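Chemist: give me the fold of what follows.
(one chain, ligands or ions: 1)
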Amino acid sequence: MPLALTLPVPSPASPSSAPAARPAGRPPVRWQRPGRSRPWPRLWSERSQLLERQHSRIEALLEQLIEGEAPTARCQQLVRALGLHLRLEERWLAAAGCLCPGHRLSHRQAAELAARTPAGSAERLGWLLDLQEWFHLHRYGADAVAYARAASAPTLSTSASR
Ligand SMILES: [Fe+2]
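Modeler: This next block holds a predicted model:
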């Protein structure tokens, strides 16, 4: 079963997935569902663009949840989006030969943190802030290094489109 290319689309019919309040002037996070026939990108340059778009969407969702309400359905959406992103990034960095054990371990720790969604709103805010801190440091730290290595790595094969 292939991974989804982008993040899940919230259902407007479901009240539990209604967008959280956000500051005036800030556009809502836009979720896109790719066409089912769209092929997986084969080049790292294309893959990194897709991964960076996912980064930006997850960051925006984190900000919305921190600044507004954080209903359970939206938190679950965040956890799913983060899990999908981490798995896709690991797959493509590994295919490029640029996924080190420390990077994989960092992903595992974030996934474990994400899986512990608190029930209370006060605890949930702390959890979201912890996730946001990890995500920011990871995106501009380990990810930036790994993506740069992948961008400069020789292209071994186009069959690594798994
Ligand atoms: Fe990463």
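
Chemist: I'd say L78 and L65 touch.
Modeler: Yes. Between L78 and L65 there is a contact at 6.5 Å, judged by Cβ atoms under 8 Å. Where C-beta positions appear, they are placed from N, C-alpha and C, glycine not excepted.

Chemist: next SSE downstream of the helix or strand harbouring W92?
Modeler: Using DSSP states H and E, W92 sits in helix 72-95. Along the chain past helix 72-95, the next helix or strand (assigned with DSSP H and E) turns out to be helix 101-115.

Chemist: for that following helix, the distance to its chain's centre please.
Modeler: Put simply, helix 101-115 sits 13 Å off its chain's centre (Cα atoms, centre = their mean, to the nearest Å).

Chemist: ok, Q49 to D143 distance?
Modeler: When distance is defined by Cβ to Cβ, to the nearest Å, Q49 is 14 Å away from D143.

Chemist: more neighbours, the two?
Modeler: Higher neighbour count among Q49 and D143: D143, with 21 against 12, using other Cβ atoms under 10 Å.

Chemist: I figured the more buried one was touching E89, is that so?
Modeler: Yes. Assessed by Cβ under 8 Å, D143 is found in contact with E89 at 7.4 Å.

Chemist: can you point out the buried residues in stretch 104-115?
Modeler: When burial is assessed from 16 or more other Cβ atoms under 10 Å, stretch 104-115 yields the following buried residues: 106-107, 110, 114.

Chemist: hey, what's the angle from the helix holding W92 to helix 101-115? Just curious.
Modeler: 170 degrees (axes from the mean of the first three to the mean of the last three Cα atoms, to 10 degrees).

Chemist: other SSEs contacting helix 72-95?
Modeler: In terms of contact count using 3 or more Cβ pairs under 8 Å, 6 or more residues apart in numbering; DSSP states H and E, helix 72-95 is assigned the packing partners helix 44-67, helix 101-115, helix 121-138, helix 144-152.

Chemist: shared neighbours, L78 and L65?
Modeler: A shared contact of L78 and L65, defined by Cβ atoms under 8 Å, 6 or more residues apart in numbering, is any residue touching both; here there are none.
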